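J.: for reference, the sequence and a predicted model appear below.
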Amino acid sequence: MTLLEVRNVHLAIGGVELIRDLSFSIDTAQRLGLIGESGSGKSLAALAIMGLLPYRSTVSGSIRLSDQELVGLDERRYSKLRGDRIAMIFQEPMTSLNPLMRIGKQIGEVLRIHEGLSRPASYAQATALLERVGFDQPAQQARAFPHQLSGGQRQRVMIAMAIACNPDIVLADEPTTALDVTVQAQVLDLLAELTSEHGCALMLISHDLAVVANVCDHIQVMYGGAIVESATTSELTHFAEHPYTRALLATSRGLDDLDNESFGQLPTIAGTVPQAGQFPPGCTYRGRCERESYQCQTPPVVTGTTHQVRCWHPYGSSSEGA
Ligand SMILES: Nc1ncnc2c1ncn2[C@@H]1O[C@H](COP(=O)(O)OP(=O)(O)OP(=O)(O)O)[C@@H](O)[C@H]1O
């Protein structure tokens, strides 16, 4: 059943177009990965869903959570949904945690506000959540301030806060990028385990295809403010059709290398993501595409149903396919 439906969303900040015609949906308890290089618009897509866009943003299109339209929703109703039905985990927990409040109290606050629990009940529940996310001495550790914890522990606290009220969906924006590789894998496993335990959908944002492929059952590739390819994880990793997805796969670490700390520097894709507001006409990837000779000037076509590719010359439909 469709839980979240994003339809034809366009987003501009200060008149600069940053997201173009974004459409996708997430089913109940589904795990969807959103990947793409820095600047492709992944975080803005998540912030649009959360209703946390910066000043001077304009959004058109539709974002529906079950039967609730989110575009244009007033702040009072939005703040009730946040935490309660949609939660978000950011890359750097220190920007989300209050440095002056003990973590047990911070998790408890979420439960007090959204679930109406009393102070003692919310604190007891917060301690139980800390235990669930892997703290071995939760009663003591609930008294710690954020700076007294490691990066991995702080991200576990964020996961505890995100799942505290059993939301329908958690949006996780690069939740492990700031962590070292071995901790990354543990935190991702925990996130996947807890969201499925709660029947909660997950939208995992990352620039790392291996991270997303290990956790998600469906992947969407974003480039220049638009989704260029979308498929099940298995289809995307075995039968990628868009030249950009192929380039991402070629420069990605292997799926087995997630907990390999000594894994070397990855090759990068030549060229850069087009500057916001300076998208070329037609295909945004045109300037970097290895099939550039096609000069895809006109808007690219979208092919397929479950496996969608926004490209004039996807590999699968061409005799030149790899
Ligand atoms: N507040 C803002 N005002 C103006 N432009 C912005 C703002 N926030 C983001 N942008 C621009 O929008 C584009 C997409 O940014 P976004 O943060 O969504 O990318 P991203 O794919 O999440 O990259 P990263 O992985 O680096 O966060 C970028 O060109 C960025 O410079």
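T.: The structure has been received and is ready for your questions.
J.: the helix or strand Met88 falls within packs against which elements?
T.: If you go by DSSP states H and E, Met88 is part of strand 86-89. Secondary structure elements in contact with strand 86-89, counted by 3 or more CB pairs under 8 Å, 6 or more residues apart in numbering; DSSP states H and E, are helix 42-50, helix 151-163, strand 169-173. All C-beta atoms are positioned from the backbone trio N, CA, C, and that covers glycine.
J.: what's the closest of the ones you listed to the ligand?
T.: With CB to the nearest ligand atom, the closest approach to the ligand among the helices and strands packed on strand 86-89 belongs to helix 42-50: 3.2 Å.
J.: check the residue nearest the centre of the chain and give its pLDDT.
T.: Of all residues in the chain, the one closest to the mean position by CA atoms, centre = their mean is Ile205, 2.5 Å from it. Confidence at Ile205, expressed as pLDDT, is 96.
J.: close to the ligand, is the helix or strand hosting it?
T.: Under DSSP H and E, the secondary-structure element containing Ile205 is strand 201-206. No: counting by CB under 6 Å from any ligand atom, the ligand has no neighbours in strand 201-206; the shortest distance is 6.7 Å.
J.: identify the residues contacting that strand?
T.: Here strand 201-206 makes contact (CB atoms under 8 Å, 6 or more residues apart in numbering) with 3-4, 26-35, 42-43, 45-46, 49, 168-177, 191-192, 195, 211-212, 215-216.
J.: which of these are close to the ligand?
T.: 42-43.
J.: kindly give a single PyMOL line that selects the buried subset of the contacts of strand 201-206.
T.: Only the buried members of the contacts of strand 201-206 end up in this PyMOL selection, burial being decided by 16 or more other CB atoms under 10 Å:
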select buried, resi 3+4+26+29+30+31+32+33+34+35+42+43+45+46+49+168+169+170+171+172+173+174+175+176+191+192+195+211+212+215+216
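J.: helices or strands up against the worst-scoring helix or strand of the chain on mean pLDDT?
T.: Comparing every helix and strand of the chain by mean pLDDT, DSSP states H and E singles out strand 302-303 as the least confident one, with a mean of 72. Judged by 3+ CB pairs under 8 Å, 6+ apart, the packing partners of strand 302-303 are strand 308-310.
J.: what comes up buried for the strand holding Met88?
T.: Going through strand 86-89 with 16+ other CB under 10 Å, the ones that come out buried are 86-89.
J.: neighbours of Gln297, how many?
T.: Applying the criterion other CB atoms under 10 Å, we find 11 residues in the vicinity of Gln297.
J.: so for it, what's the pLDDT?
T.: Predicted confidence (pLDDT) at Gln297: the value is 70.
J.: mind listing the strands for this protein?
T.: 2-13, 16-27, 31-35, 57-65, 68-69, 86-89, 169-173, 201-206, 218-223, 226-232, 302-303, 308-310 (DSSP state E).
J.: pick out the shakiest of these, pLDDT-wise.
T.: Note on those: lowest mean pLDDT is at strand 302-303, with a mean of 72.
J.: what residue ranges in the stretch 151-300 of the chain are flagged as low confidence?
T.: 253-267, 292-295, 298-299 (pLDDT under 70).
J.: which residues does Val228 contact?
T.: 221-222, 242, 244-245, 284-285, 300, 309-311.
J.: distance check, Asn98 against Leu53.
T.: Here the distance between Asn98 and Leu53 works out to 23 Å (CB to CB, to the nearest Å).
J.: swap in Met161?
T.: In terms of CB to CB, Met161 sits 22 Å off from Leu53.
J.: ok, the two, which is more surrounded?
T.: Met161 (26 against 16).
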